[in-house]
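K.L.:
just the structure for this:
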Amino acid sequence: MNGLILHCGAEKVSREELRAVDTPRRTKTWIPVSHYDCASLIAEEASRRGMEITSEEYGLSANFSKMFGVLKFKCEGKEMGKCLGIRNSLDKSLSLGLTCGYRIFVCDNLAFGGEQTIQRRHTSGIDIESLIPKAFDNIGHRYIKLQKDIDKLKVTMITVDDARILTCIVGESNFIRHSDVITVLNSFQNPTYEEFSEKTKWSLYNSFTEIAQKYSPAKADQCYRGLARMFNLAGE
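P.N.:
Residues are numbered from 1 along each chain as shown. Model prediction:
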């Protein structure tokens, strides 16, 4: 589960199709941001920084008031590409939000998950043309830290007994279903993929995320956020 998920009435559209959505007039305390301007400024800022976009996906709610998007970027020499999630609203229901990570999803049921998130209300002080570059500055540092944290997990060995303890803690915290505890442990001990054959925390983390792919968006959001904290990938 890695991308844009629409199952609550929203429909996929192109970035150009966002241009047709009317933006309400601003008030003294509320400044709605055009869906098209939001998506375009983010894509332009990414390109300006040399981030090669490999795919863009956008979705609109049934009444066009909410926009969701996911951009994926080329990442040389890494097994996982960088991703950026977007959401925006024209009806005061959602803050303008950006989420970054290597495994994210943005869903029209308002689950909005990733290793990191940045959100900004549409108040009179919002200035999207300065906000987006500042957000990218922050995101850039977070990508670097996240990659360092992942590299550390890859060389941190963990015994099967310690993996059992951590998996039970994750289950007790309801980040995964209790019935999936044994499945995660079996996956850790008998990995499907060769790259996860070493008994590292990274291998265990991927055993969890393999399970999360079958969850509903809301449950997967809970799982990914919980795992980010458990494995020190929350940027704290």
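K.L.:
check which helices and strands the lengthiest helix in the chain sits against.
P.N.:
Longest helix in the chain, counting residues (DSSP state H): helix 128-155. Counting contacts by 3 or more CB pairs under 8 Å, 6 or more residues apart in numbering; DSSP states H and E, helix 128-155 is packed against helix 35-48, strand 96-101, strand 116-120, helix 201-212. All C-beta atoms are positioned from the backbone trio N, CA, C, and that covers glycine.
K.L.:
and the first one with strand 96-101, angle?
P.N.:
It refers to helix 35-48. Going by axes from the mean of the first three to the mean of the last three CA atoms, to 10 degrees, helix 35-48 is angled at 40 degrees with respect to strand 96-101.
K.L.:
could you tell me how far helix 35-48 lies from the centre of the chain?
P.N.:
Here helix 35-48 is found 18 Å from its chain centre; the criterion is CA atoms, centre = their mean, to the nearest Å.
K.L.:
name the residues of it that are buried.
P.N.:
For helix 35-48, a neighbour-count test (16 or more other CB atoms under 10 Å) marks 35-39, 41-43, 45-46 as buried.
K.L.:
what of the second one?
P.N.:
When burial is assessed from 16+ other CB under 10 Å, strand 96-101 yields the following buried residues: 96-101.
K.L.:
about what we covered before: give the rounded mean pLDDT of the longest helix of the chain.
P.N.:
Across helix 128-155, the average pLDDT comes to 81.
K.L.:
over to stretch 193-211?
P.N.:
Averaging pLDDT along stretch 193-211 yields 90.
K.L.:
stretch 71-83: end-to-end distance?
P.N.:
Terminal residues of stretch 71-83 lie 6 Å apart, using CA to CA, to the nearest Å.
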